[in-house]
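Engineer: Just the structure for this:
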Amino acid sequence: MTKFLFKTHIAMLVVVASHQSLAQTATPTASATASDVAALRQQVEALTETVKALQQQMKDQQAALEKANIAGNQLPQSEGTPSVTSEPVPTPLPSTSIPQAFPTTDSSVVANAPTAPGTPAVNANGTATGQFPTTDESVVTAPAGAISSTTGAPPTETSTSSLTQPITIAGGGKNYMNISFDGMFALAGSSARDLSHIEVGDHDPQQRGFNARNIELAFDGAVDPYFEGFANIVFKLDNDNGTEVEVEEAFMQTTNLPFGLQLKGGQFFAAFGRINPTHPHTWDFADDPLVHGRLLGPDGLRGVGAQISWTLPTPWYSQLIMASQNGRGSTGFSFRNPGDNGIFFDRQTTDREARGLQDFVWIPRWENSIDLSPTQVVLAGVSGAFGSNETGANSRTQIYGGDLFYKWKSARAEGGFPFVKWQTEVMYRRFEAGRGVDESFPVAETFHDWGLYSQVLWGFRKGWVAGVRGDYLQMQDSRFTDDPDRQSRSRISANLSWYPTEFSKLRLQYNHDFLESNFFLADREVDSVFLQFEFILGAHGAHKF
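Structural biologist: Presented below is the predicted three-dimensional model:
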């Protein structure tokens, strides 16, 4: 190409020199002959034709260079192949203009760019190509695996999502499902050898020494635009270190119904009071309140069913809830509970199938919350649970409850501290017990049992919480049974909890129990100490306030 330019410049100089010679010899001198002039003119004409041919060749070469330049921008250079643009570009004649390069942001040009001759019509993925390099995002975003037209390397992955991408399970990006693992353990010491009879909750420490009564695997996430799902699978180790597994909760609920409505279906805790709908790892104490464990059951009131809730259009938070559950088994403790070996409250149970809606447990609740000030909130609720029980063909159970919650948090709180929380619940149960096991115990009885607990928590500095709780349980005496579950009792508890982070907890708790005497059981007092430790792995869904 350099030689070509050099020859072109020489030819142009010859032409210019010829024209000047013609101008000077337009009038021949006396010494010049006619034959010399004719020969000179022929030479000038030959040179002129040569220059025209060279100009045409230069135009053709320039057009070829432009096409080669476009093709070079579209395709990566192969190793060992010399680049067309690596050689100098010929200097154009004054009358010749070089078109501008085609990289552009003009979407109309990009969308209709032709494919250069000799350029493959498809890329490595078989997708049609031929578009010019551009900064237009809609054009730059390439299919997965496509090769860059300028660097020959795969393009940087963009943040745009795709329905074909793997679903994110936990951590990073948008989570479609959270998975968490919660391990809660306790070291227990007690003056009572029968600690399993002193503690009323199935997840409470059940023996002296180490206990692992609540190891939970939790799932939650969006099912689709209409539903979200939750599941809690709990593993427990009994006193012989045998593993027990229970589906504590597994339900779905709607996310966007109109008029403040929400539907729930599956296996779930009943919305009765404050303690019952929550999981043990969220409790403020290491064990279950007495009234909750004895009236609603060691596992709480839960079961398979459906629930509807309505948030009322009021200036404050107000919600009505109605649920219906099977109420069968140990999780329907005061209802269709067959008991141990077919005996409950020393009555032989029927363990029948549901005969109709009257055998379901119906659970209404109404709760309200009011902000007293920017730093104070109070929540009050009333609950009920009504259904049949298994001690007689027509035996019924009714449970009523009321709860109150108050919280103060400092206006200068750091991480939620300091704060003060006060929570109390009261419950009443009317239990119709059928006839006894045999003719020596024929009497049917109706028991009126009630109880309450009240607790105060003080978060005095970040991560540190001190608490005190008082329990009282009044169980109506039976003149025909020595069932230890019918013993009235009270308890005072104090604890200190330390939360190094939101994923771990250490708690030291002391209990003093007073068990009252009745017709068959003597009174006694029990002292117990628990050291509870807990850790959480993964993202655990938030619990209801």
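
Engineer: Need phi/psi at residue 66.
Structural biologist: phi -60, psi -40 (degrees, to the nearest 10).

Engineer: nope, residue 359 is what I was after
Structural biologist: Residue torsions, per degrees, to the nearest 10, at residue 359 are phi -90, psi -10.

Engineer: who's in contact with it?
Structural biologist: Residues near residue 359 by C-beta atoms under 8 Å, 6 or more residues apart in numbering: 327, 336, 387-388. Just so you know, the C-beta spots here come from the backbone N, C-alpha and C atoms, and that holds for glycine as well.

Engineer: same question, residue 343
Structural biologist: Residue 343 makes contact with 349, 437, according to C-beta under 8 Å, 6+ apart.

Engineer: Which parts of this protein are helices?
Structural biologist: Listed in chain order, the helices of the chain (DSSP state H) span 2-24, 34-74, 107-111, 137-140, 195-198, 290-291.

Engineer: just checking, what packs against the shortest one?
Structural biologist: Meaning helix 290-291. strand 417-433, strand 445-461, strand 464-474, strand 489-498 (3 or more C-beta pairs under 8 Å, 6 or more residues apart in numbering; DSSP states H and E).

Engineer: neighbours of residue 331, just the number please.
Structural biologist: Using other C-beta atoms under 10 Å, residue 331 has 25 neighbouring residues.

Engineer: meant to ask about residue 273
Structural biologist: Other residues close to residue 273 by other C-beta under 10 Å number 28.

Engineer: for residue 501, same thing?
Structural biologist: Considering only other C-beta under 10 Å, residue 501 is surrounded by 9 other residues.

Engineer: Surely residue 398 touches residue 388?
Structural biologist: No: look at residue 398 against residue 388 with C-beta atoms under 8 Å: they stay out of range, at 10.7 Å.

Engineer: neighbour-wise, which of those two wins?
Structural biologist: residue 388 (25 against 14).

Engineer: circling back: with distance to residue 508 as new columns, can the contacts of residue 359 be given to me in a markdown table?
Structural biologist: Listed next are the contacts of residue 359 as a markdown table, based on distance: C-beta to C-beta, whole Å:
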| residue | distance to residue 508 |
| --- | --- |
| 327 | 37 |
| 336 | 39 |
| 387 | 40 |
| 388 | 43 |
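
Engineer: Narrow these to just the buried residues.
Structural biologist: 327, 336, 387-388 (16 or more other C-beta atoms under 10 Å).

Engineer: just to revisit the earlier point, and of the helices and strands packed on helix 290-291, who's closest to residue 256?
Structural biologist: Nearest to residue 256 among these is strand 417-433; the distance by C-beta to C-beta comes to 31.5 Å.

Engineer: List the buried residues in the closest one.
Structural biologist: 417-419, 421, 423-433.

Engineer: strands paired with that strand, and their directions?
Structural biologist: The pairing partners recorded for strand 417-433 under DSSP bridges are strand 396-414 (antiparallel), strand 445-461 (antiparallel).

Engineer: same question for it, mean pLDDT?
Structural biologist: For strand 417-433, the mean pLDDT works out to 97.

Engineer: could I get it in PDB with only the CA atoms?
Structural biologist: Only the C-alpha atoms of strand 417-433 are listed here, as PDB (Å, rounded to 0.1, in the frame of the first residue of the first chain):
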ATOM      1  CA  PHE A 417     -32.800  -1.200  73.400                       C
ATOM      2  CA  PRO A 418     -33.800  -0.100  76.100                       C
ATOM      3  CA  PHE A 419     -37.400  -1.300  76.400                       C
ATOM      4  CA  VAL A 420     -40.000  -2.500  78.800                       C
ATOM      5  CA  LYS A 421     -42.600  -5.200  77.900                       C
ATOM      6  CA  TRP A 422     -45.500  -6.300  80.000                       C
ATOM      7  CA  GLN A 423     -47.600  -9.300  78.900                       C
ATOM      8  CA  THR A 424     -50.500 -11.100  80.700                       C
ATOM      9  CA  GLU A 425     -53.000 -13.800  79.800                       C
ATOM     10  CA  VAL A 426     -56.000 -15.300  81.600                       C
ATOM     11  CA  MET A 427     -57.900 -18.400  80.500                       C
ATOM     12  CA  TYR A 428     -61.000 -20.300  81.700                       C
ATOM     13  CA  ARG A 429     -62.000 -23.800  80.600                       C
ATOM     14  CA  ARG A 430     -65.300 -25.600  81.000                       C
ATOM     15  CA  PHE A 431     -64.700 -29.300  80.500                       C
ATOM     16  CA  GLU A 432     -67.600 -31.800  80.400                       C
ATOM     17  CA  ALA A 433     -66.100 -35.200  81.500                       C
END
